[in-house]
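Trainee: Here is my input, please return the structure:
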Amino acid sequence: MDPVVVSVNIARPRAELFAYLADVANHPEFKDHYLSDWHLTREDSAGRGAGARFREQLPLSRFGWGDYTLAEVDPPYRIVERGRSGKFNRVRAIGEWTLHDAPGGMTRVEYRYETLPARLSDRLMELIAGRGWWKRKLTRAVRRLQAIFEEDRARGRRATVAAR
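Mentor: Numbers count the residues shown, from 1 in each chain. Presented below is the predicted three-dimensional model:
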């Protein structure tokens, strides 16, 4: 799927937003409307190597589990998530958070997401969900992120390490 890019201005310092986004346990608070059943992949949920596994709520998807790990963490500007989803985890996914200073003491938060399907059947499943579905879900996610910081509301549950 071609990259989907969404952005929002948040009235908070860039370092504060970066620290929040660099902790994967916080991500369900604003992504739980399209990703559920979150579990951390290690005890330390922040920084490079931190990751989570979750169920994607894609339309007509029989293989809804996915995961991502923070592959690059460049404070306080950029965080890159690399993961996999779909049947046999063969669909690679890349998410990139970039944070820039904006006028008025605000921070411009931009999220870029793309998938790299391995087979024709995976590409067909992406056509069913479509870029429009992803654009709506990601736009809502960054708006919820904005509400968490500016209005202290819409917080969901934090992810935890799965029990054995």
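
Trainee: quick one: the strands in the protein?
Mentor: Listed in chain order, the strands of the chain (DSSP state E) span 4-10, 35-40, 51-56, 65-74, 78-85, 91-102, 106-116.

Trainee: could the ones you listed be laid out in TSV, adding distance to residue 142?
Mentor: From N, CA and C alone the C-beta is placed, and that goes for glycine too. Formatted as TSV, the entries for those read as follows, by distance: least, C-beta to C-beta, whole Å:
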stretch	distance to residue 142
strand 4-10	4
strand 35-40	14
strand 51-56	18
strand 65-74	17
strand 78-85	14
strand 91-102	10
strand 106-116	6
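
Trainee: Which residue, other than its chain neighbours, is closest to the residue of the chain most remote from its centre?
Mentor: The C-alpha centroid of the chain is most remote from residue 104, which lies 26.4 Å away (C-alpha atoms, centre = their mean). By the measure of C-beta to C-beta, 6 or more residues apart in numbering, the closest residue to residue 104 outside its immediate chain neighbours is residue 11, 7.6 Å from it.

Trainee: Could you do residue 3 as well?
Mentor: residue 114 (4.1 Å).

Trainee: mean confidence for stretch 17-29?
Mentor: When pLDDT is averaged over stretch 17-29, the result is 95.

Trainee: residues of it that come out buried?
Mentor: The neighbour-count check on stretch 17-29 (16 or more other C-beta atoms under 10 Å) flags 17-18, 20-29 as buried.

Trainee: can you check stretch 89-100 too?
Mentor: Across stretch 89-100, burial judged by 16+ other C-beta under 10 Å covers 91-99.

Trainee: Go through those residues and say which is closest to residue 75.
Mentor: Top of the list for closeness to residue 75, among the buried residues of stretch 89-100 and by C-beta to C-beta, is residue 99 at 9.6 Å.

Trainee: my guess is the residue nearest to residue 104 contacts residue 105, does it?
Mentor: Yes - in terms of C-beta atoms under 8 Å, residue 11 counts as a neighbour of residue 105; the distance is 6.9 Å.

Trainee: what's across from the residue nearest to residue 72 when sequence neighbours are not counted in the sheet?
Mentor: For residue 72, ignoring the flanking residues on the chain, the nearest one in space by C-beta to C-beta, 6+ apart is residue 80 at 3.9 Å. Residue 80 forms beta bridges with residue 72, residue 96, as assigned by DSSP bridges.

Trainee: Before I go, just wanted to say thanks for your time.
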